[in-house]
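Student: just coords:
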Ligand SMILES: Cc1cc2nc3c(=O)[nH]c(=O)nc-3n(C[C@H](O)[C@H](O)[C@H](O)COP(=O)(O)OP(=O)(O)OC[C@H]3O[C@@H](n4cnc5c(N)ncnc54)[C@H](O)[C@@H]3O)c2cc1C
């Protein structure tokens, strides 16, 4: 998703960021379903929401749950105005799927915490003013989940350095973030010390429950429809099946928004939508290739440019936010197999 | 869903779980009509869930969904879905619902309808008509000239002949031929109702039955994976098995969502878009589910002794009936292409066809 801070601020002005947050924190007190409609329309239109996306989707809700009052008052209204951007500090070079094995450490001192270590694959760390990061706050004990904690980190704090990592498309999307004796205030601990694991699972549920997982490829489908011949049965059958997939995924996604609105935990259905959504999205460029054999030349038309991007981006859909194997593990657990 | 549909779900599941066993299933495959079971089902009123004029179409389909679902889940060896739909169409055409098992025919190129002496007369032959040999009445939808009509034929009518055939699940799929056969009654089919009501209504019913069958297969597979031990632990503890069953569960969730959405939004005309999505999605699920379930069950599941095949053979049959995925997809795809890419999203949200 492309990034445009001016667009984010304009959305904030319309009240379309933090829509479901309380008014006293700059939110709109709208329902989760109303928020869902806006999010879906933004994605469908390919709007440049990259700057504020994480803040709106997961960091804001997380702060509402676990942030200290003065922090909520200071940050949430600016997030809702589209001025403050967040990044997610979970993965480390040696800790991807096995997130509980992270080594970056937070040590308590007299006036707060001292952070050391590094995070990797941090999307938008070069643009975000804040990170919510997961750190180890105790010894690595037999219970690996027990001594993790989440922190709010001002990215301008001395000792933090951000090194861009080019992704395979050549874009500067994610980064490595180094922490060298970074001092942060005591009230920047989110929730309770040692509760980081449960909190991070809540955060991932926010991350996985949106309609992203079936709408990243919609621009390609639109181009495919315009390139297709209505009298060619290969075209009509393939497009019709994709329409059915999209209609189904949308209905499931809407169901999850309904669960969120009713205060239910959508972790299992969200995992199912993510798995099924990535299957469809990764299949889409394959079908486009099969039907149209699109030459991926930089001089090609609109379908070539959308296709060129998606062919390259598609592999990441089943890696970020939990790999396919991990997501299916969550589903299997829900089935009572683990 | 409403209280009423919850009550129907409960009672239909209670009845089928007690009454549909492998004995009646095997009897049917040996050609024996499960008359006692039919009696029980008919007395319960299930065959008229969709022909109750005091509820609107959406409520009717929401009440019918659990009945179709349970018919698939318990692999019911009766033409209940066909009878439910036949009654629904009779009522829409202004007739009273009927007692006894029924089936339906959507006119195709092999069947000719004409009006003679104020009666509808049929000539020709149509293949793969579900349960025809056991039906007391057959509902026929088609055209006389440009006029859409719905007719009702008694099984004992003159010139009506049935020759037996069945799908791979052993369900009757007969060839029905007419030689100047007269309908006992017929009516013009009202404006605003679908042109091919039998195809459309039966497709949604079949989709719901596939969801039920697929869900029973999921349940059976998870149970089996937890029970079967190899290399010292249950095979459900192996990640490869877990990942396959996770796919199976995702497929079932998709089919269920698509089908329930179509029922919840139903009007008396049904939405062609919703029905197409449901039939396509459930049909795709059928193949994946059968494949994974048989893999998980190993050789035991490949035996006739095991009950898995009662569901998987139905899934393989049903996905091809009432329009296979490609047939419905060609229709959806053509509409999307004619509408153009820039209208794709709004049409998807409106579920418009
Ligand atoms: C575009 C992009 C953006 C990202 N943005 C962020 C971000 O903003 N913040 C952040 O913290 N992280 C981010 N990530 C990182 C992402 O969360 C990790 O990549 C992901 O969790 C997987 O970790 P890994 O890459 O180390 O792969 P690994 O965990 O090493 O996995 C490699 C392969 O091994 C498989 N595997 C691993 N463990 C198991 C197991 N137990 N059973 C079976 N198979 C297994 C995986 O499924 C995968 O196929 C981003 C990643 C991408 C691609």
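Tutor: Perfect, thanks for sending it. Please read these numbers as outputs of a predicted model, since none were measured by experiment.
Student: Next, the residue of chain A most remote from its centre: phi, psi?
Tutor: Most distant residue from the mean C-alpha position of chain A: residue A:231, 40.0 Å away (C-alpha atoms, centre = their mean). When read as degrees, to the nearest 10, the backbone of residue A:231 gives phi -100, psi 0.
Student: That one: what's it in contact with?
Tutor: By C-beta atoms under 8 Å, 6 or more residues apart in numbering or on different chains, residue A:231 lies in contact with nothing. Bear in mind the C-beta positions are built from the backbone N, C-alpha and C, glycine included.
Student: buried set for stretch A:200-207?
Tutor: Of the residues in stretch A:200-207, A:200, A:202, A:203, A:204, A:205, A:206, A:207 count as buried by neighbour count, 16 or more other C-beta atoms under 10 Å in any protein chain shown.
Student: Quick one: list the elements packing against the longest helix anywhere in chain A.
Tutor: Counting residues, the longest helix in chain A under DSSP state H turns out to be helix A:233-261. The contact analysis (3 or more C-beta pairs under 8 Å, 6 or more residues apart in numbering or on different chains; DSSP states H and E) places helix A:233-261 against helix A:32-44, helix A:212-215, helix A:218-227, helix A:267-292, helix B:239-264, helix B:272-297, helix B:325-339, helix B:344-350.
Student: what about the ones you listed, which gets the closest to residue A:194?
Tutor: Closest approach to residue A:194 among the helices and strands packed on helix A:233-261 (C-beta to C-beta): helix A:267-292, 21.4 Å.
Student: can the closest one be found next to the ligand?
Tutor: No. Using C-beta under 6 Å from any ligand atom, we find that helix A:267-292 stays clear of the ligand, coming within 12.0 Å at best.
Student: which element follows that helix toward the C-terminus?
Tutor: Downstream of helix A:267-292, the first helix or strand assigned by DSSP states H and E is helix A:302-317.
Student: which residues are in contact with whichever helix or strand comes after that following helix?
Tutor: Reading on from helix A:302-317 to the C-terminus, the next helix or strand found by DSSP H and E is helix A:324-334. Helix A:324-334 is contacted by residues A:97, A:208, A:267-268, A:271-272, A:274-275, A:278, A:318, A:322, A:338, B:239, B:242-243, B:245-247, B:249-250 when judged by C-beta under 8 Å, 6+ apart.
Student: Enumerate the residues of chain B near the ligand.
Tutor: Residues of chain B lying close to the ligand (C-beta under 6 Å from any ligand atom) are residue B:239.
Student: Domains in chain B, by residue range?
Tutor: As given by automatic domain parsing, the domain ranges for chain B are B:3-188, B:197-352.
Student: Counting neighbours, what do you get for the residue of the stretch 1-150 of chain A at minimum distance from chain B?
Tutor: Using C-beta to the nearest C-beta, the single residue of the stretch 1-150 of chain A nearest to chain B is residue A:44, 4.5 Å away. Look at residue A:44: counted by other C-beta atoms under 10 Å in any protein chain shown, it has 19 neighbours.
Student: what's the answer for residue A:298, then?
Tutor: Residue A:298 has 7 neighbours, counted by other C-beta under 10 Å.
Student: looking only at pLDDT, what's the mean for stretch B:343-353?
Tutor: Taken as a whole, stretch B:343-353 carries a mean pLDDT of 91.
Student: related to what we said a few turns ago, nearest spatial neighbour of the residue of the stretch 1-150 of chain A closest to chain B, skipping sequence neighbours?
Tutor: Using C-beta to C-beta, 6 or more residues apart in numbering or on different chains and skipping residues adjacent in sequence, the residue nearest residue A:44 is residue B:345, 4.5 Å away.
Student: Pull the contacting residues for the one you found.
Tutor: By C-beta under 8 Å, 6+ apart, residue B:345 lies in contact with A:44, A:45, A:218, A:222.
Student: Tell me the spacing between the last one and the ligand.
Tutor: Plainly put, residue A:222 is 23 Å away from the ligand if you go by C-beta to the nearest ligand atom, to the nearest Å.
Student: check contacts around the residue lying closest to that residue once chain neighbours are set aside.
Tutor: Residue nearest to residue A:222 in three dimensions, not counting chain neighbours: residue B:341, with 3.7 Å by C-beta to C-beta, 6+ apart. Applying C-beta under 8 Å, 6+ apart, we find residue B:341 in contact with A:221, A:222, A:223, A:224, A:225, A:226.
Student: Might you report the residue contacts of the residue of chain A found nearest chain B?
Tutor: Here chain A gets closest to chain B at one residue, residue A:240, 3.1 Å apart by C-beta to the nearest C-beta. Residue A:240 sits next to B:276, B:280, B:328, B:329, B:330, B:331, B:332, B:333, B:334, B:336 when contact means C-beta under 8 Å, 6+ apart.
Student: Would you format these as JSON lines with pLDDT and neighbour count included?
Tutor: Converted to JSON lines, those look like this (pLDDT from 0 to 100; neighbours: other C-beta atoms under 10 Å in any protein chain shown):
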{"residue": "B:276", "pLDDT": "98", "neighbour count": "31"}
{"residue": "B:280", "pLDDT": "98", "neighbour count": "32"}
{"residue": "B:328", "pLDDT": "98", "neighbour count": "28"}
{"residue": "B:329", "pLDDT": "98", "neighbour count": "27"}
{"residue": "B:330", "pLDDT": "98", "neighbour count": "22"}
{"residue": "B:331", "pLDDT": "97", "neighbour count": "19"}
{"residue": "B:332", "pLDDT": "97", "neighbour count": "24"}
{"residue": "B:333", "pLDDT": "98", "neighbour count": "28"}
{"residue": "B:334", "pLDDT": "98", "neighbour count": "21"}
{"residue": "B:336", "pLDDT": "98", "neighbour count": "27"}
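Student: Farthest pair within these?
Tutor: B:280 and B:334 (13.8 Å).
Student: Name the residues of chain A found near the ligand, please.
Tutor: So far as C-beta under 6 Å from any ligand atom goes, chain A lies against the ligand at A:87-91, A:96-97, A:121-123, A:174, A:316, A:319-320, A:322-323, A:325-326.
Student: go again using 5 Å as the cut-off
Tutor: Listed as neighbours of the ligand in chain A under the rule C-beta under 5 Å from any ligand atom: A:88, A:90-91, A:96-97, A:121-123, A:316, A:319-320, A:323, A:325.
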